[in-house]
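**Q** Got a predicted structure here, sequence first:
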Amino acid sequence: MLCTFIEEVLTDNVANPDPQVNDIKVVYHKAAGRSSRIFSFNDFRQEKRTIDIGLSKSDPWKPFKSRLDFEFAEFTQKASLNQQLVNDLFKLVKDAVNTPANLTLKSADDVNTVWESAKLYHPSFSSTKISKPYKDTDQLFDFHSRPLWDWILSQVQDPLLAPYMEWDAQRHHQSDISEVCSGAKPLAIILWADTSVLSTFGTQKGHFIVARVGNLPMWIRNGKSWGGGRIVGFLPIPEGMVGEQGKPGFVDWKNAVYHEAFRVFLEDVARISKLGEVVRCGDGIPRILFPYIHVLSADYEEQCHFALIRGLLGKAPCPVCLVPKGGLSDLKTRYAYRTAASAQILVTRAESKASKGAALKAIGLRNNALWAVANTDVHEAISYDRLHVDIIGVFQKHILPEIKIILKDLGRKAQAEVDETFKTMARWSDLAHFKTGILTLDFSDGKKWADAARILLHATYNVMGQAQTPKGFALLRLFRKWHELNMYLSFEVHTEDTIAAYERTVDVFHDRLDYTTQHDEGDDVKDWDGIIKIHAHIHAARDIRRKGVIANMDTKVNENLNGPMRRAYRMQTNFKNVEPQLGRIEDRAHVCCFTRAHIEAMDQAAKKSNEPIRTADSDEEPEGPSIRPRDAWVFGHVYVGSRRKTTFSDFARQSATDDAFINLRRKLSNCLGDLLSRTTAASSVPPPPHQVLHNVPPIRDSDTVLNCSYMLVDFEHKVSWRTNTDRLYCRSTPDYNTERFDCALIHMSDTEVMFCRLVRIFVYSTGEQKFALALIQPMATVARRADAALALCRLREKPRRESMVVPARSIIRGAVIVPDRQHDGEYTLMDGLDTDHFLRMMSLFQNRDMEIVQ
């Protein structure tokens, strides 16, 4: 090619009559009208275009007002800072300008130096060599971890956490080790371990250990601030050897490496767990602490590593009990529980035999590093994992695929109806939006799968009825019972009654498993018996009684730490030998968390004592009451916001386009009359003085009406007994892209409640009196014959002209309803909106007479 080109240059030279070898000829397109040019090789390679400075803009940074404005904005873009971080950066810059003496750091080296100095005051990561031979060849691994006991003491001895530490065993957090000796106090450790993919293509993985102190309340230890869980170790990941991957010997060796790392990690804790250690705690009181592992939070694969069993390849695949492999779907038979003591005896006997390997294989056990920690039973510590068992287990991997298969058989129309229901779901603050439906959703996080489970029954019951598909209807009835199990497991507080209700639901779920199998046709039969996650429901009630609610042990809160590690890997490492780098990053995060907590404590103490705050690094306000501070717009447990002033005549004029406003004057007068010298239906206490009417005033066209776009409703959560807040919208103004008229549950009397749709939220003023009111469209509770089988709560809208005006104080809380796409004006109530809603609906619709519609 080069020779041909040289020949072409030599035979067709226009610009240079004497071309040389290696000269470059540039031939322009004939439409350009330009002659060809010949360059020497060096001139062509070094050619540069010059810029005429006179033609360039004198202020190229526009529309930014200055070059510095652009460069600042450019920095925030390159650093991928969100809005909050940009505001924080502005504040830091302003503080640096106002008090330059306070900023002593001058370069990245200064920052790194102070980080390294800070590590001296906190437990930091270090590396330990561990060795395990494989086929007579020693294999060395670097195990990176921070001293677990030192990390625990950093929380136990901190005065900020001292008021929240619980040292005495309680029923909801029961432990027998408080009887070890007089003055002994149990120190509960919660551990989580799992493998996470760090790189985009999965070539780099990390095997993290996360620790939490169980003596702290759940809202602290599961939080992201000081006192919450932190990564305390990076387990080695043995690389697969050519031809060895998957072999029993290689799997056993990987488990041996795993437990050798844990042996090193737990060495100090194991020693102290036997003898105890006197520790002066954050409240200044010395205590003899006996650490033990209270909870092992992990998915099934990791549970098998902890328990050192062979998983589904073994004869007894459950890490908690001795259920045989063929009995996993039998939820009514209880099998003997595994115990660490009996396991140690069996292993000791097996190791004494000549055929050691065969004997250990027969019992599916190995020597366990966690046995070294006193007062710890690894099988009892292994806990129910709602995320992997229920959300991305039973639902996402088993029930949902079965429903998709049936919908495919029913045809495109049925599939389109289900997807359309998901796409058009009412908006709610804690409910994901499904822009593309559900049937094409393949990959998402646990939160979105949980939200899909809330909606699925309401989207499918019309197209998967008994008449269309008996098998599909049986599957929906099974799904309904799983939904109830999942809701019970979500409870923030349990009582003996709710645990008993869960156990009864497990029995019904078992019966419907059999019923579903009976309706399978042909060879395509779902084998529920091979699913370990079905069996796990047997152990949930026991775990709740021994360790508290499932949120104490769920893996979801721990897996949230994977995200920051992935970001750190992408943005703060060089992608080589990443564990030491991630350990250094985690050390700095620990220092930040600790220091920020103490700075905020100092700021709050200064505010209380009216002293000037020395550094204003925190914008957070102290936690206040649940009701908003603008008391003028607070009416009992309700706050109304986004108010627009109008007159009653203009407000009522909407009746020309909306029948709900017909006879508004009479409806408003009736409501005001009901307020006459009576207590509101929503509360047993008398209404505020400005809401007591001794004479119903005449309603004048000029009276002031404030049209409100939203309201905040405080209510006592039926499960947690805490005050929660619903944000209800009622808007149709052009300021928003979509209309939104939320639904609510309201009091009609001391004993009667009703569901309704909000038409308008408004404040009516007459003279000095103000009244927060709501114009609502009532809904009647009805039922279709198929609803009972699926435990659906059905509502039917009353005509708009039958609207009512009610006090805003009568609203109990919000509700979400799903339109019935085959029956206009009818809806099903989403009882799985949250645990409060679920418990209210269970009591509200139990044994209640409803109108039966055909």
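**A** Perfect, I can see it now.

**Q** how about the helices in the stretch 501-650 of the chain?
**A** Along the stretch 501-650 of the chain, the stretches classed as helices by DSSP state H, counting those that start in this stretch are 532-535, 537-547, 556-559, 562-572, 578-608, 648-652.

**Q** As JSON lines, these with mean neighbour count and distance to residue 103 would be great.
**A** Every C-beta, even on glycine, is put in place using the N, C-alpha and C of the backbone. Output for those, formatted as JSON lines (neighbours: other C-beta atoms under 10 Å; distance: least, C-beta to C-beta, whole Å):
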{"stretch": "helix 532-535", "mean neighbour count": "20", "distance to residue 103": "54"}
{"stretch": "helix 537-547", "mean neighbour count": "20", "distance to residue 103": "47"}
{"stretch": "helix 556-559", "mean neighbour count": "22", "distance to residue 103": "36"}
{"stretch": "helix 562-572", "mean neighbour count": "15", "distance to residue 103": "22"}
{"stretch": "helix 578-608", "mean neighbour count": "17", "distance to residue 103": "16"}
{"stretch": "helix 648-652", "mean neighbour count": "18", "distance to residue 103": "56"}
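
**Q** nearest to residue 383, of those helices?
**A** Within the helices of the stretch 501-650 of the chain, the stretch nearest residue 383 is helix 537-547; the backing value is 5.4 Å (C-beta to C-beta).

**Q** any weak-confidence spans in the stretch 501-650 of the chain?
**A** Counting by pLDDT under 70, the stretch 501-650 of the chain has low-confidence residues at 515-525, 610-630.

**Q** pretty sure residue 554 is in contact with residue 387, am I right?
**A** Yes - Residue 554 is within contact range of residue 387, at 5.8 Å (criterion: C-beta atoms under 8 Å).

**Q** Give me the more crowded residue out of these two.
**A** Neighbour totals were compared for residue 554 and residue 387, and residue 554 leads with 26 against 22 (other C-beta atoms under 10 Å).

**Q** tally of neighbours for the closest residue to the more buried one other than its chain neighbours?
**A** Excluding the flanking residues, the one nearest residue 554 by C-beta to C-beta, 6 or more residues apart in numbering is residue 386, at 5.0 Å. By other C-beta under 10 Å, the residues close to residue 386 number 23.

**Q** right, and the helix or strand after whatever helix or strand residue 455 lives in?
**A** Per DSSP states H and E, residue 455 falls inside helix 446-460. Using DSSP H and E, the next helix or strand after helix 446-460 towards the C-terminus is helix 470-489.

**Q** other SSEs contacting that next one?
**A** Judged by 3 or more C-beta pairs under 8 Å, 6 or more residues apart in numbering; DSSP states H and E, helix 470-489 is in contact with helix 400-410, helix 446-460, helix 496-518, helix 787-790.

**Q** Can you tell me the element the closest residue to residue 813 other than its chain neighbours falls in?
**A** Excluding its sequence neighbours, the residue lying closest to residue 813 (C-beta to C-beta, 6+ apart) is residue 715, at 4.4 Å. Taking DSSP H and E as the criterion, residue 715 maps to strand 704-716.

**Q** Tell me which other helices or strands the helix holding residue 455 touches.
**A** Short answer (3+ C-beta pairs under 8 Å, 6+ apart): helix 446-460 packs on helix 400-410, helix 412-423, helix 470-489, strand 817-819.

**Q** so what secondary structure elements neighbour the shortest one?
**A** Identification of packing neighbours for strand 817-819 by 3+ C-beta pairs under 8 Å, 6+ apart yields helix 446-460, strand 826-829.

**Q** now the second one
**A** Other elements packing on helix 412-423 under the criterion 3+ C-beta pairs under 8 Å, 6+ apart are helix 400-410, helix 446-460.

**Q** Figure out which of the helices and strands packed on strand 817-819 is closest to residue 675.
**A** Set against residue 675 and scored by C-beta to C-beta, the helices and strands packed on strand 817-819 come closest in strand 826-829, at 28.9 Å.

**Q** Please save the CA atoms from the closest one in PDB.
**A** The C-alpha coordinates for strand 826-829 follow below in PDB (Å, rounded to 0.1, in the frame of the first residue of the first chain):
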ATOM      1  CA  GLU A 826     -64.500   0.600  41.500                       C
ATOM      2  CA  TYR A 827     -61.100   0.300  43.200                       C
ATOM      3  CA  THR A 828     -59.200  -2.100  45.400                       C
ATOM      4  CA  LEU A 829     -57.500  -0.900  48.500                       C
END
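
**Q** got a list of contacts for that strand?
**A** Residues outside strand 826-829 that contact it (C-beta atoms under 8 Å, 6 or more residues apart in numbering) are 458, 461, 755, 779, 782, 787, 792-797, 815-820, 841.

**Q** now stretch 500-519
**A** Residues from elsewhere that reach stretch 500-519 (C-beta under 8 Å, 6+ apart): 329-332, 470-471, 474-475, 477-478, 481-482, 484-485, 488-489, 525-526, 528, 534, 537-538, 540-541, 544.

**Q** Same question for stretch 127-146.
**A** So stretch 127-146 is in contact with 123-126, 209, 232-236, 238, 241, 249-250, 253, 256-257, 260-261, 264-265, 579-580, 582-583, 587, going by C-beta under 8 Å, 6+ apart.

**Q** Run the chain-centre distance for that stretch.
**A** Put simply, stretch 127-146 sits 35 Å off its chain's centre (C-alpha atoms, centre = their mean, to the nearest Å).

**Q** next one: stretch 721-738
**A** How far stretch 721-738 lies from its chain's middle: 22 Å, per C-alpha atoms, centre = their mean.

**Q** Could you point out which residue ranges in the protein have low pLDDT?
**A** Scanning the chain with the threshold set as pLDDT under 70 gives 1-18, 45-58, 169-182, 240-243, 354-365, 515-525, 610-630, 676-696, 733-737, 846-854.

**Q** Longest strand in it, please.
**A** Longest strand in the chain by number of residues (criterion: DSSP state E): strand 769-784.

**Q** mind listing what's buried in that strand?
**A** For strand 769-784, a neighbour-count test (16 or more other C-beta atoms under 10 Å) marks 770-779, 781-784 as buried.

**Q** on that earlier part again, okay if I get the helices of the stretch 501-650 of the chain as a markdown table plus distance to residue 276?
**A** Converted to a markdown table, the helices of the stretch 501-650 of the chain look like this (distance: least, C-beta to C-beta, whole Å):
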| stretch | distance to residue 276 |
| --- | --- |
| helix 532-535 | 37 |
| helix 537-547 | 22 |
| helix 556-559 | 28 |
| helix 562-572 | 34 |
| helix 578-608 | 26 |
| helix 648-652 | 72 |
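
**Q** of these, which approaches residue 765 most closely?
**A** Checking these against residue 765 by C-beta to C-beta gives helix 648-652 as the closest, at 9.6 Å.
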